[in-house]
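Trainee: Fold the following, please.
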Amino acid sequence: MATLRNRNGKWQARVVRKGHIPVTKTFQAKQDAERWARQVESDMDKGSFSSSILAERTTFKEVVERYIKEVTPTMRSLSEDTFRLRKLSKHPLCKLNMAALTSTRIAEYRDERLKTVSSGTVIRELSYLSSIINYSRREWGINITNPVLLVKKPASPPGRCRVLNDADLIRVLDSVKPTGRRSVWMLPIVEFTLATAMRRGELLRLKWSDIDFEKRSAHLAITKNGDSRTVPLSTTAIQILHSLPRSIAGRVFPVNAPAVAAAFIKATKRAGISDFHFHDLRHMAITRLAEKLPNLIELSAVSGHKSLAMLKRYYHPNVEQLAQKLG
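Mentor: Purely as a prediction, here's the structure:
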């Protein structure tokens, strides 16, 4: 039932229906209040009414924190996702209520982030925001239009082509050797990545029970593209594994992703190497493997790429060697 009352020269309409949260809205004219109330009642009777009250009462920070609590524990990259979302929850954007989370606000966030991080990072962050908002709409009844869908994404960056020469690689390897307070795990992690072309997440989830020394293979049950795969291990990779101590937890490399990322950044700075990321090690590994596995189907079986087009982004052949093959 709808009720109207005059308050300080304005008309307040209130609609109460069983099974719905009471809805209130204020208008300058009584006719507008009556028209709105009739429309709301009609929509409630038809079952098509969606209230924005919950969106107005809920901040984006509350949604992010609930997402961390209920959703991220089910995701593969739990620690990385939690770390990113904790950082996001401290951003001024999260102080807004969900109804105030407009495309303009998202665009401002995009432009601000582009001043400090790459366009690729911003594209991933916008995708993350969109996923969180969509989940809150589907599962928690937050009645808003996803504003991220209305925001133009930055141009995708070109595929990276950062491959170190032998001298620079030696400097990086020296900079991750376990001296002083440096982690004892970083050198074998870097060397194992170069030997197997595994992604960081795949490598850090690897357990001793996944290793088959007899068949010289490592089974990856969880990968980025969703398919499991078994990676052949070279003599070098086997030697690295034999040199490692066994952790009680059963993981081959008992280190978390943020710690590896931070340690590698410090290592490249010590080595005087700029613009070289941990993921570039995978690029280098695939390029090396391509020399031994010229068949791209075989190479993709090792690297885990579903698309040869994607594999091409990582495969950087030596032009001089190709010229020699041509004769």
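Trainee: Number of residues surrounding the closest residue in space to Leu149 that isn't next to it in sequence?
Mentor: Computed as CB to CB, 6 or more residues apart in numbering, the closest residue to Leu149 that is not its neighbour in sequence is Ser130, at 6.8 Å. Any C-beta I mention is one placed from the backbone N, CA and C, and that applies to glycine too. Neighbour count for Ser130, taken as other CB atoms under 10 Å: 16.
Trainee: next one: the one 3 residues further on
Mentor: Burial of Ile133 is recorded as 23 neighbouring residues (other CB under 10 Å).
Trainee: that older thread, kindly provide the distance from the residue nearest to Leu149 to Arg137.
Mentor: 11 Å (CB to CB, to the nearest Å).
Trainee: Name the residues contacting each of the two.
Mentor: Residues touching both Ser130 and Arg137 (CB atoms under 8 Å, 6 or more residues apart in numbering): Asn146.
Trainee: Mind checking what helix or strand follows whichever strand or helix holds Tyr135 in sequence?
Mentor: In the assignment (DSSP states H and E), Tyr135 maps to helix 119-140. On the C-terminal side of helix 119-140, the closest following helix or strand by DSSP H and E is helix 166-175.
Trainee: other SSEs contacting that next one?
Mentor: On a contact count with 3 or more CB pairs under 8 Å, 6 or more residues apart in numbering; DSSP states H and E, helix 166-175 meets helix 186-196, helix 257-271.
Trainee: Next secondary structure element downstream of the shortest one?
Mentor: So the one you mean is helix 186-196. Next element after helix 186-196 (DSSP H and E): helix 200-205.
Trainee: what packs against that next one?
Mentor: helix 186-196, helix 257-271.
Trainee: Looking at the ones you listed, which is nearest to Arg113?
Mentor: Proximity to Arg113 (CB to CB) singles out helix 257-271 among the helices and strands packed on helix 200-205, at 18.2 Å.
Trainee: Tell me the helices and strands packed up against the closest one.
Mentor: helix 78-89, helix 166-175, helix 186-196, helix 200-205.
Trainee: closest to Glu320 out of the ones you listed?
Mentor: Nearest of the helices and strands packed on helix 257-271 (CB to CB): helix 166-175, 15.0 Å.
Trainee: Columns mean neighbour count and mean pLDDT on top of the helices and strands packed on helix 257-271, output as a markdown table?
Mentor: Below are the helices and strands packed on helix 257-271 laid out as a markdown table (neighbours: other CB atoms under 10 Å; pLDDT from 0 to 100):
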| stretch | mean neighbour count | mean pLDDT |
| --- | --- | --- |
| helix 78-89 | 16 | 82 |
| helix 166-175 | 14 | 91 |
| helix 186-196 | 22 | 93 |
| helix 200-205 | 20 | 89 |
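Trainee: Tabulate those helices (JSON lines), appending distance to Thr116.
Mentor: Shown next, in JSON lines, are those (distance: least, CB to CB, whole Å):
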{"stretch": "helix 78-89", "distance to Thr116": "12"}
{"stretch": "helix 166-175", "distance to Thr116": "25"}
{"stretch": "helix 186-196", "distance to Thr116": "26"}
{"stretch": "helix 200-205", "distance to Thr116": "22"}
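Trainee: quick one: which of these is nearest Met284?
Mentor: Between those, helix 186-196 lies closest to Met284; by CB to CB that is 6.3 Å.
Trainee: Which other helices and strands does the closest one contact?
Mentor: Using 3+ CB pairs under 8 Å, 6+ apart, helix 186-196 sits against helix 166-175, helix 200-205, helix 235-243, helix 257-271, helix 279-292.
Trainee: Quick check: which of those is buried the most?
Mentor: Of the helices and strands packed on helix 186-196, the one with the most neighbours on average (mean count of other CB atoms under 10 Å) is helix 200-205, at a mean of 20.
Trainee: next SSE after it?
Mentor: Next element after helix 200-205 (DSSP H and E): strand 211-212.
Trainee: what lines up beside that next one in the sheet?
Mentor: strand 217-220 (antiparallel) (DSSP bridges).
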